[in-house]
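Asker: Show me the folded form of this:
(chains A, B and C)
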Amino acid sequence: MKYEVLPVLVFQTDWTFKEGAVASTYGVVRSVSRDVEIFTATHEIPQFDIWSASYRLHQYVSFWPKGTVFVSVVDPGVGTDRKACVALTEDGYYIVTPDNGALTHLAATSGIAEVREIDETVNRLRKTEGTSVFHGRDLFGFCAAKLAAGIISYEEVGPSYDVNEIVKLPIHQPVCGEGFAEGIIEIDDPNFGNLWTNIPTAKLFEAGFAYGDDLHVTLRHNDQVIYERNTRFDTVFGTVEKGEPVIYNNELMNASLAVNQGSFLQQFSSGFGPEYTIRFEKKKED
Amino acid sequence: MKYEVLPVLVFQTDWTFKEGAVASTYGVVRSVSRDVEIFTATHEIPQFDIWSASYRLHQYVSFWPKGTVFVSVVDPGVGTDRKACVALTEDGYYIVTPDNGALTHLAATSGIAEVREIDETVNRLRKTEGTSVFHGRDLFGFCAAKLAAGIISYEEVGPSYDVNEIVKLPIHQPVCGEGFAEGIIEIDDPNFGNLWTNIPTAKLFEAGFAYGDDLHVTLRHNDQVIYERNTRFDTVFGTVEKGEPVIYNNELMNASLAVNQGSFLQQFSSGFGPEYTIRFEKKKED
Amino acid sequence: MKYEVLPVLVFQTDWTFKEGAVASTYGVVRSVSRDVEIFTATHEIPQFDIWSASYRLHQYVSFWPKGTVFVSVVDPGVGTDRKACVALTEDGYYIVTPDNGALTHLAATSGIAEVREIDETVNRLRKTEGTSVFHGRDLFGFCAAKLAAGIISYEEVGPSYDVNEIVKLPIHQPVCGEGFAEGIIEIDDPNFGNLWTNIPTAKLFEAGFAYGDDLHVTLRHNDQVIYERNTRFDTVFGTVEKGEPVIYNNELMNASLAVNQGSFLQQFSSGFGPEYTIRFEKKKED
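Answerer: Below is the predicted model of the structure:
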């Protein structure tokens, strides 16, 4: 089944608004077409962090109408031989991005139905060929605008290639059983300082835990224990005192750690990635 | 008199753009309707700072067309028993917010004509019931989109309740007379480092002061004096030297303190709130 | 030749989103007209930095459709006798700004065809006359909205004045010849930490250099050498190792300095402005 392309463009990058990169890219879009909507998802992906780019797409793409065109530009290898592509997910979203790992999570969750390499000879902004460092403006933004505006069809983006060739970063699977669940801190919420594990909250229920229980949590950075404590598992932050840690079910239905009106991330000097492992098990006596 | 609801949505939160919360919420709105405009007022309200949320609404709501729908989500008690509501101000604006004090200033200035509790059974995004931590996306954003799009009427938001039950934070009134004016630093301008008092500039004129006068200013943090000085009262920053303090009439017509091309906030280690009191009186000899 | 004004407004300021200034200004625009598009170019111009305001306009204006109306408010002299103006560039863009130097680069590149002083008696938001500190909302935003919406013509902005009277900051010209090129760091990319010189990359080719060469670079802050090294000149960052410096052709076709996946700005404690001078010459033996 094919999804109609919508004239709705959603951007995420690691550019910030500190200089004119966003403004020039949005200008290119508006010059291509007056009829395409332009949304900022975020321009604050951590610099060069392809993992975060991939995770954020996973976090929000499915909440948009099918046919929406997303442009994700976190591109440390700009101008090298990494492909510039437009992927179509199985559930009908178009993702314009360097093929550098940014499609990792969507490939694992939505699935990728088709992927095409952008043909620079027709889908690159004219007169920018002299510079190779701003594909966000000259290639991704320009091509996405033409696609979203209906000036080119998806087929006209460029030649398709095997979806199995798409670059993917390693995803870690949790290990769960009766009375325990183990996984990693897959990403953080850098604003509120929460940690999101790769363990579906449903797995905690299957392990025999229920809201209201205290669970024994062990969080390690490599071999070092950075948090080990009985911690309340509940539906909302407000069931523990301000400043106290809590395990909760986050917006993507994964087990997560927060400090009520505080920052778990800062308070326990944590981070995210496979070197941060977590284990939930039954409450232990103090 | 009833005001027609406009398909214009304006968001303010304490989420920042550091992760995908804004993007998923805007996606929900666009999925509800292709015809609703989406504006970012700010996603940089200080975390959990309901007072600032309330003050900022007061600062900008009235500049928008009547019928505009505002969504304010600063919600430290998300998922607890605080109400989720949509208020209608006397002057015709709809405010979608947790009822946690965010309506304090609008209630005091515009007045609240009516308030309704959002009925989660019909106005919550389906399939999100398993999580209780992201009402911005699942409840406030979704319900506001339906309202702004005309899919539900204001009455269909949910049952109305007594406007006198709306949660309000304490507002401090200034005390003014011949030759003096006393009040508090009600809020700051955290960008330019200006301090905004709760004293209408008109009160300074009534006290006998005029633009061009030097006034004696005493600023205290609790009992400690953090600024005491004769300070020029004028219309623009540029009437004092760069780096010098000045009293001016701010954009909401309140007496305010700035440093010309500097930051009063930083230079004098000040803040805002009722513990920061200020007194203006006649110039004293040095 | 006259260009039709488009209902497209693009804002840049030094206000940030930390308080309600942007929200109230956008509200004024939407109150003037429901049909004008509102874009954020950036609200993160460094405070009071007119040079950056000017440079950023130069960086992105030409990528927008002709007839777009830009509002630039970096206005340390708000309320003083600096003029409030709307300039029309030779290539068809309208710039609404304090006439304080913000037109420097556009005047030098696009050229200014005409400039008009905003007539406050008709193009200022009513009931804001009591305050003189927020022309962004009350004058520039309001007047720009009327212009973009077609409520007033360009002529109705106010009286024209001599384009030669426009305030301009000094622009430094590079000095280039066989085997060398000298100039200044004209601006930075504060996000990625790159330095952009005022030397067109074409001048490096004319000097006899080619992509793939190592060039001897000397960067001085006043008399102090802060970087002196043979450095690769290439098309993309990825031709040097991560963490290594590289000379590249930036998006405006000027010679620039970066560290691959790092920050040249931070690594070498550099900045921008005429006190930062740079010389490229032939590779020297180590």
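
Asker: So A:G136, which state does it fall into?
Answerer: On the three-state scheme (DSSP: H, G, I helix; E, B strand; the rest coil), A:G136 is labelled helix.

Asker: Distance check, it against A:V71.
Answerer: Using Cβ to Cβ, to the nearest Å, A:G136 is found at 8 Å from A:V71. Every residue, glycine included, has its C-beta placed from N, CA and C.

Asker: Overlap of the contact sets of these two?
Answerer: Contact criterion Cβ atoms under 8 Å, 6 or more residues apart in numbering or on different chains; residues shared by A:G136 and A:V71: A:T13.

Asker: Quick one: residues contacting A:A207.
Answerer: A:C176, A:G177, A:E178, A:G179, A:F180, A:A181, A:F280.

Asker: now the residue of the stretch 101-250 of chain A found nearest chain B, nearest residue through space, not along the chain?
Answerer: In the stretch 101-250 of chain A, no residue comes nearer to chain B than A:V236, which is 3.2 Å away by Cβ to the nearest Cβ. For A:V236, ignoring the flanking residues on the chain, the nearest one in space by Cβ to Cβ, 6 or more residues apart in numbering or on different chains is B:G79 at 3.2 Å.

Asker: what residues are up against A:G136?
Answerer: A:T13, A:W15, A:A21, A:T25, A:V71, A:V73, A:D75.

Asker: near chain B, which residues of the stretch 51-200 of chain A?
Answerer: Contacts of the stretch 51-200 of chain A with chain B, taken as Cβ under 8 Å from any Cβ of the partner chain, map to A:56, A:59-65, A:68, A:187, A:189-192.

Asker: I'd like the residues you listed written out as TSV, with distance to chain C added.
Answerer: Formatted as TSV, those follow (distance: Cβ to the nearest Cβ, whole Å):
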residue	distance to chain C
A:R56	18
A:Q59	21
A:Y60	19
A:V61	22
A:S62	26
A:F63	22
A:W64	20
A:P65	20
A:T68	19
A:I187	20
A:D189	19
A:P190	16
A:N191	14
A:F192	18
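
Asker: Show only the entries of those residues found in helices.
Answerer: The helices, defined by DSSP state H, take in A:R56, A:Q59, A:Y60 from those.

Asker: okay but the first one is in contact with B:K18, surely?
Answerer: No - the criterion here is Cβ atoms under 8 Å, and A:R56 misses it with B:K18 at 9.8 Å.

Asker: Which one's more surrounded, these two?
Answerer: Neighbour count, other Cβ atoms under 10 Å in any protein chain shown: between A:R56 and B:K18, A:R56 has more, with 26 against 19.

Asker: Go back to the contacts of A:G136 and keep what's next to chain C.
Answerer: When contact is defined as Cβ under 8 Å from any Cβ, those meet chain C at A:W15, A:A21, A:T25.

Asker: how near is A:V78 to B:D49?
Answerer: A:V78 sits at a distance of 39 Å from B:D49 (criterion: Cβ to Cβ).

Asker: more crowded one of these two?
Answerer: Neighbours per residue (other Cβ under 10 Å) separate A:V78 from B:D49, with A:V78 holding more: 21 against 14.

Asker: Let me see the contact set for A:Q59.
Answerer: Taking Cβ under 8 Å, 6+ apart, we find A:Q59 in contact with A:E251, A:L252, B:E19, B:G20, B:A23, B:S24.

Asker: re earlier: joint contacts of A:R56 and B:K18?
Answerer: Residues touching both A:R56 and B:K18 (Cβ under 8 Å, 6+ apart): A:T42.

Asker: nearest spatial neighbour of A:S31, skipping sequence neighbours?
Answerer: Excluding its sequence neighbours, the residue lying closest to A:S31 (Cβ to Cβ, 6+ apart) is C:P65, at 4.9 Å.

Asker: And the closest residue to A:D119 other than its chain neighbours, its phi and psi?
Answerer: In this structure, A:D119 finds its nearest non-sequential neighbour in A:G158, 3.5 Å apart by Cβ to Cβ, 6+ apart. Note on A:G158: its backbone torsions stand at phi 160, psi -180 [degrees, to the nearest 10].

Asker: can you tell me how far A:G158 sits from A:L9?
Answerer: For A:G158 relative to A:L9 (Cβ to Cβ), the value is 18 Å.

Asker: now do A:T231
Answerer: A:T231 sits 42 Å away from A:L9 when distances are taken as Cβ to Cβ.

Asker: So between the two, which is more surrounded?
Answerer: Taking other Cβ under 10 Å, A:T231 and A:L9 do not tie; A:L9 has more neighbours (24 against 21).

Asker: So the more buried one lies in a helix, does it not?
Answerer: No - secondary structure of A:L9 (three-state DSSP): strand, not part of a helix.
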